[in-house]
Structure formats: C-alpha cells, structure tokens
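*Asks:* coords please:
(chains A and B)
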Amino acid sequence: MEEKPFSDITYEQYLKEEKLMGSRCTECDASYVPPRSICVKCFSSDMEWVQMKGTGRLAAFTCITIAPPFMIAQGYNRKNPYISGVVELEEGGRVDARIEGLNPNKPEDIKVGMPLRVKYLHTEVDGKKETYLAFEPL
Amino acid sequence: MPKRRKLGRGVAIVGAGMSKFGMFKDKDSKDLFADAFRELIVSVDKGFDPKEIDALYLGNFSNDYFMHQSHWGPIISDLVGIAPKPATRTEGACASSALAFREGVFAIASGFYDIVLVGGVEEMSKRTTEEVAEGLALATVPYEGRAGFTFPGVFGAVATAYFAKYGANHEHLMNITIKSHNNAPLNPKAQFPVTIKDLMNKKKESLIKREGTAPDWQTEKDFLADPRANPVVAWPMHLFDCCPISDGASCMLLVAEEIAKNFTDDPITVAGLGQGSGRGFHASDDLTYFEATRYAAQEAYGMSGLTPDDIQFSEVHDCFSIAELVHVEDLGFFKPGEGYKAIAEGATRLDGPKPINTSGGLKCKGHPVGATGISQLYEVWTQLRAKAGPRQVPVGDLRIGGAHNLGGTGGTCTFTILERK
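*Replies:* Take a look at the predicted model:
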C-alpha cells in the first residue's frame, strides 16, 4: 500500500480521524510531529507514519482574550477567552494545540509540566467542518 | 556556529530619517515615507542629489493585507523621484526593513552600487484590532495559527515557559514596561511619549471626575497589576506588555565607505551583520530563547570581532515585554535566566550600564512592522552621532551600538552592529 504524503494536509486529515500522526525516518530513526517529508538529520526521504499515544505534558500556554476572526466565529471573545498551548509529547517532540478542560480565566491555576491527553475538537462553522488538535488534563 | 564573514568593501550610513510613528487617519504610506525621506535629505551633512541614488530596497510586511495594495517598491521609488532606478521589496514579517538594510549593504559591498536608499513602511491602523491580530498572525507558522495562537499568544507562551524555568513572574516584566515608558517622552517621534506614572495619575483624575473615586494605586506596579488599568490580552501578556498598532516609515542612505566623506565628516559604519531563521516556536530546542537571534548575534559578533560587552547600548525587538527579556539574554548581554534580575536592578535604563531601547522601543515608539528595523538603526545612528538630545546615552565616548530585529514568532531575526570610527 502506498503511503499517504508526509504533509500538513495528511496530518490534518488524520486529525479528523482522531489520530495524531508523525513521520519517522526509516534510515536514521528520527521522528517528527507534525510530519516532515524530508529527514532534516540525514536528508533521506524514506519515511513511515507513526501514531502518537496522545499523552504528554504542558510545555507553555497562554489564555487568549483578543481572538483572531476564525476563533471569534467559534464563539470566543474578550469575555470568553480560550487556551492555546505547546505540548511536549511522551514520545518526544512538541505540538501546538488548543488546551481544553481548564479555566482560561484562572491562568494562575494552570501549571507548566501538568500531564495532558489528546482530544479532538470537531467544529462546524457556516457548514464548514474542521477538526482541531487539543489536549485536556489527564 | 556561523562562518566568520566579511564585507567585500566597507559600507557607511550618511543620512537617515523617520516619520513620526502613530495612528494617522489622514496620512497613508506614501505620506509617511515622504516625511522620512524629507528628514533624510536634510540629515546628509554636506548635502546630496537624490538623483545619484542607484537603487532602493524597501521593507514592507503586509500592506497587501492591511491596505489591499501590494508591490510597494516602485510606488516608493516613484515617490522619492528615483524611478526608473530599481526598487526591490523585502519581506521578513516584522524584520522586513532590517532585511532591506542588509540587501542594501550587500549591494554596495559587492561593488555593484555606490549609493543606496533603504527603508521600510507599514500602514496598519485603518484596520480593527482583531483584523490586525489576524494580519500579523499570517507570519506565525501554520500550526500556531491553527491552535488559535495570536502573536501576543505565542509570546505569552514564551513567558510561561520562561517563568517556569527561571522563577520569574509578571512583576519582572513590568520593569521593562516602566523603563520603556520612561524613555519614550524623550523621543519626539514616539507614539506614546508618556510615563506609566503620568498615565496612572491621569487615569486616577479621570476616574475621580467621572465616578467620584479611584483605586488607591501607590506605585506604577500597583497600576500595572490592576486588570481594570491593564487588562489581559493573551495571559500573561497584558495591554502594557504589548506594542501598539502603528503607522510609520523609516529610511537610510548607505554609501561605499570610501566615498562617505563626500557626504559627511561623521559617517557611521556597518561593523557587524547577522541574520538567522527559526523553526517555529514548538520546534525550538528550548522554549525560553530564540535560536534565530542567537545565530544572528554570533554571526554579527564574528564579523565585527566584537563581544556582547563591547555593545554600549542596543535597540532590542520588544514587540512584547517578554521578547526584550529573552533577547537581551540571546544577544549575550546577560546570562540565560539572569536577564530579569539585571533589569530589576536597572541595568537597562538610560543611565544604566547597558541601555536598552533608548527610543522607547516598539512598546512606546510604536511598531509599524515593516518600518521598525530601520527605525531601530535610525536610533543607533542618532545616538552614535550624539544627536539624541535628552535621551542621549550619558557616556562620553559612544562608539558601538546594536539593533536587534525579529520577524514572526522568531522566524527571521537580525542583529546589526554599527560603529563610529
């Protein structure tokens, strides 16, 4: 079976299927999430897909009050902030993700290093379906 | 480590200008660049004929988005009367005009041109805050945008990582805000030429007038800690941690060092140039520094043979308070994790051992993104020529200054060292 392209498009398609996928270089074993199609360690293009367990720790975060238009369309604004974060995965590597299940109005209670697990946010705005990578407390 | 680099021949700055920065309803990009260019013409001590300019390099990030008008190189070359001489636009997000400066330097150093105009322009204020946030977010990496990160959001996240690693907190960032606001009233080009203390007292007066009572703010930090005065934008970035939305333009006249004396007896030369690119915040080795800034700094120090201790003062890209903190460490002025302590002791004040952002920085001078890089170099040029008036760095023999510019979320970083020989 031919591998799907190691691209951002495929990465997003896998998220819709509730899979967090990265690529691994079959030459030197380096792995990448989000996926890379060219290994930047040995410059091989022989990659394979690997599925992440979806657990990790919060490496950095922010609670956003002034939201961009696409987040405003999802109902977020100055009175209804949301959390974006960087998550360090158990397998290594980091991903940008929304952080759910914590109170964005109480950022002092959110701790860098706290354990998280993956969650997939399926949204529909004006008939357009999107899936966003998110994490929530374990 | 970058290779040790050198220019094919020396390059000098012999003139510079910048518009006032701010939000201008009745001025567009051309009007602002004209303001900057008029000042540049009179800044050349021995005068010059603009028709002698060989080429223009112009930094502009996103007037395409902000003004629905692209292709600014020829528009500006026509404005300043040098068309049909060539015009090239550079784009490196908020570092766009630092790239224009570099291209101008390289063009002269290669021997191809002798006299080059470099500049930057951006017009942002005719959009809503949310639209500007979206426009700037075009310069994040795709994964950041999808996760809802805005620019203040990415830097807020840098702050949480820095706080967790080194034990700093938001109060430490207030020192940076207060310092920048103390410098800005001394800069006639600044968008917010007002101290935090004056802002606090004005706000108190207006609240007493309107509501009969006001919060009991005793110090600037009381004021900055009160969410009514300083609301959250992207925690822990509050309003006063963030640079404003601005319009503005800046420009410089570069010439081959061998002909500089035809223009001025006081040229400022390019001693070190560095530029790095980043991999996206999430992919960095560490979330508490910017790899691209460290690379740019190494390149500039290597070329100049100078060390961080030799840099007497510097403009540092403070799009957010945490950015100034992280970058003064990345540039080697302070050890990693030590910057916030040095800043708390006043090291970066105008009268401190390492003055940072004597202009008021992006925070108070303003940040018309495409114009910022050359406006920083304008400040260094002005200081080195001892023409900064009340904000002049109080050191007798000011000889070496730096300017650090950052684009995107660390995607493009430059460090430039200027010298008065």
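*Asks:* Now do B:I53 against B:G10, distance only.
*Replies:* Note on B:I53: its distance to B:G10, by C-beta to C-beta, to the nearest Å, is 19 Å. Yep, even glycine has a C-beta here, placed from its N, CA and C like the rest.
*Asks:* Repeat that for B:T150.
*Replies:* 42 Å.
*Asks:* Please identify which of the two sits among more neighbours.
*Replies:* Set B:T150 next to B:G10 and count neighbours by other C-beta atoms under 10 Å in any protein chain shown: B:T150 wins out with 27 against 19.
*Asks:* okay, the more buried one: pLDDT?
*Replies:* B:T150 is assigned a pLDDT of 90 by the prediction.
*Asks:* Likewise for A:M1?
*Replies:* 49.
*Asks:* now B:G145
*Replies:* Note on B:G145: pLDDT of 88.
*Asks:* Could you report the separation of B:W72 from B:L224?
*Replies:* 37 Å.
*Asks:* and if you look at B:P267?
*Replies:* Counting by C-beta to C-beta, the gap from B:P267 to B:L224 is 42 Å.
*Asks:* Ok, B:L138 next?
*Replies:* B:L138 sits 30 Å away from B:L224, going by C-beta to C-beta.
*Asks:* now swap in A:Q51 and tell me
*Replies:* A:Q51 sits 46 Å away from B:L224, going by C-beta to C-beta.
*Asks:* Surely B:V80 is in contact with B:R38?
*Replies:* No: with contact defined as C-beta atoms under 8 Å, B:V80 and B:R38 do not form a contacting pair (9.7 Å).
*Asks:* B:E134 against A:I66, yeah?
*Replies:* No: look at B:E134 against A:I66 with C-beta under 8 Å: they stay out of range, at 10.6 Å.
*Asks:* more crowded one of these two?
*Replies:* Neighbour count, other C-beta under 10 Å: between B:E134 and A:I66, A:I66 has more, with 25 against 20.
*Asks:* need the contact list for the more buried one.
*Replies:* Going by C-beta atoms under 8 Å, 6 or more residues apart in numbering or on different chains, A:I66 touches A:R78, B:T129, B:E130, B:A133, B:T150, B:P152, B:V233, B:A234.
*Asks:* Could I get the buried residue list for stretch B:260-274?
*Replies:* Under the neighbour-count criterion of 16 or more other C-beta atoms under 10 Å in any protein chain shown, stretch B:260-274 has B:A260, B:F263, B:T264, B:D266, B:P267, B:I268, B:T269, B:V270, B:A271, B:G272, B:L273, B:G274 buried.
*Asks:* Just want to check the distance between the last one and A:N80.
*Replies:* It stands for B:G274. 43 Å.
*Asks:* In terms of neighbours, single out the busier of A:Q51 and B:L224.
*Replies:* More crowded of A:Q51 and B:L224, by other C-beta under 10 Å: B:L224, with 23 against 11.
*Asks:* the longest helix in chain A is where?
*Replies:* Assignment by DSSP state H gives helix A:8-16 as the longest helix of chain A.
*Asks:* Is there any residue in that helix that contacts chain B?
*Replies:* Yes: applying C-beta under 8 Å from any C-beta of the partner chain, one finds helix A:8-16 in contact with chain B at A:D8.
*Asks:* ok, then the element right after that helix?
*Replies:* Note on helix A:8-16: by DSSP states H and E, the next helix or strand toward the C-terminus is strand A:21-25.
*Asks:* Report all helices and strands that that following strand contacts.
*Replies:* Other helices and strands packing on strand A:21-25, by 3 or more C-beta pairs under 8 Å, 6 or more residues apart in numbering or on different chains; DSSP states H and E, are helix A:8-16, strand A:31-32, strand A:47-51.
*Asks:* Write down the beta-bridge partners of the residue of chain A found nearest chain B, one by one.
*Replies:* Among all residues of chain A, A:T62 sits closest to chain B, at 3.3 Å; criterion: C-beta to the nearest C-beta. Counting by DSSP bridges, A:T62 is bridged to A:S84.
*Asks:* Do you know the pLDDT at residue 75?
*Replies:* This is for chain A. 93.
*Asks:* oops, I was thinking of chain B
*Replies:* Looking at B:I75, its pLDDT reads 96.
*Asks:* Got phi/psi on it?
*Replies:* Per-residue torsions, B:I75: phi -60, psi -40 (degrees, to the nearest 10).
*Asks:* Contact partners for it?
*Replies:* Counted by C-beta under 8 Å, 6+ apart, B:I75 has contacts B:S29, B:K30, B:Q69.
*Asks:* Find the residue ranges of chain A scoring beneath the pLDDT cut-off.
*Replies:* Counting by pLDDT under 70, chain A has low-confidence residues at A:1-2.
*Asks:* contacting residues around the longest helix of chain A?
*Replies:* Outside helix A:8-16, the residues that touch it by C-beta under 8 Å, 6+ apart are A:K4, A:L20, A:M21, A:P34, A:P35, A:Y120, A:H122, A:T131, A:Y132, A:L133, B:P142, B:Y143.
*Asks:* What parts of the stretch 1-150 of chain B come near chain A?
*Replies:* So far as C-beta under 8 Å from any C-beta goes, the stretch 1-150 of chain B lies against chain A at B:129-131, B:133-134, B:137, B:142-150.
*Asks:* can you pick the most crowded of those residues?
*Replies:* B:F149 (31 neighbours).
*Asks:* pretty sure that residue contacts B:T140?
*Replies:* Yes: counting by C-beta under 8 Å, B:F149 touches B:T140, with 6.1 Å between them.
*Asks:* Between the two, which contacts overlap?
*Replies:* In contact with both B:F149 and B:T140: B:T409, using C-beta under 8 Å, 6+ apart.
*Asks:* can you pull out the strands in chain A?
*Replies:* Applying DSSP state E to chain A gives strands spanning A:21-25, A:31-32, A:47-51, A:55-64, A:82-89, A:94-99, A:115-125, A:128-137.
*Asks:* tell me the angle the fourth one makes with strand A:82-89.
*Replies:* Going back to what we said before, that points to strand A:55-64. Orientation check (axes from the mean of the first three to the mean of the last three C-alpha atoms, to 10 degrees): strand A:55-64 against strand A:82-89 gives 150 degrees.
*Asks:* How about the third one?
*Replies:* Angle between the axes of strand A:47-51 and strand A:82-89 is 120 degrees (criterion: the same axes, to 10 degrees).
*Asks:* B:F33 reaches B:S19, doesn't it?
*Replies:* Yes: counting by C-beta under 8 Å, B:F33 does reach B:S19; the two are 7.3 Å apart.
*Asks:* now the residue of the stretch 51-200 of chain B found nearest chain A, nearest residue through space, not along the chain?
*Replies:* In the stretch 51-200 of chain B, the residue that lies nearest chain A is B:G156 (3.3 Å; C-beta to the nearest C-beta). Ranked by C-beta to C-beta, 6 or more residues apart in numbering or on different chains and with sequence neighbours excluded, the top spatial neighbour of B:G156 is A:T62, at 3.3 Å.
*Asks:* Give me every residue in chain A lying close to chain B.
*Replies:* Contact residues, chain A versus chain B (C-beta under 8 Å from any C-beta): A:8, A:34, A:59-72, A:76, A:81-82, A:84-86, A:94-98, A:104, A:107, A:111-113, A:132-133.
*Asks:* buried subset of these?
*Replies:* Neighbour-count burial (16+ other C-beta under 10 Å) applied to the residues of chain A next to chain B gives A:34, A:59-68, A:70-71, A:76, A:81-82, A:84-86, A:94-98, A:104, A:107, A:112, A:132-133.
*Asks:* Could you pull out the strands in chain B for me?
*Replies:* For chain B, the strands defined by DSSP E cover B:11-18, B:55-59, B:87-90, B:115-123, B:232-235, B:237-238, B:247-256, B:268-277, B:313-315, B:400-407, B:412-419.
*Asks:* same for the last one, what does it pack against?
*Replies:* Going back to what we said before, that points to strand B:412-419. Checking 3+ C-beta pairs under 8 Å, 6+ apart, strand B:412-419 ends up next to helix B:96-109, strand B:268-277, helix B:291-304, helix B:369-384, strand B:400-407.
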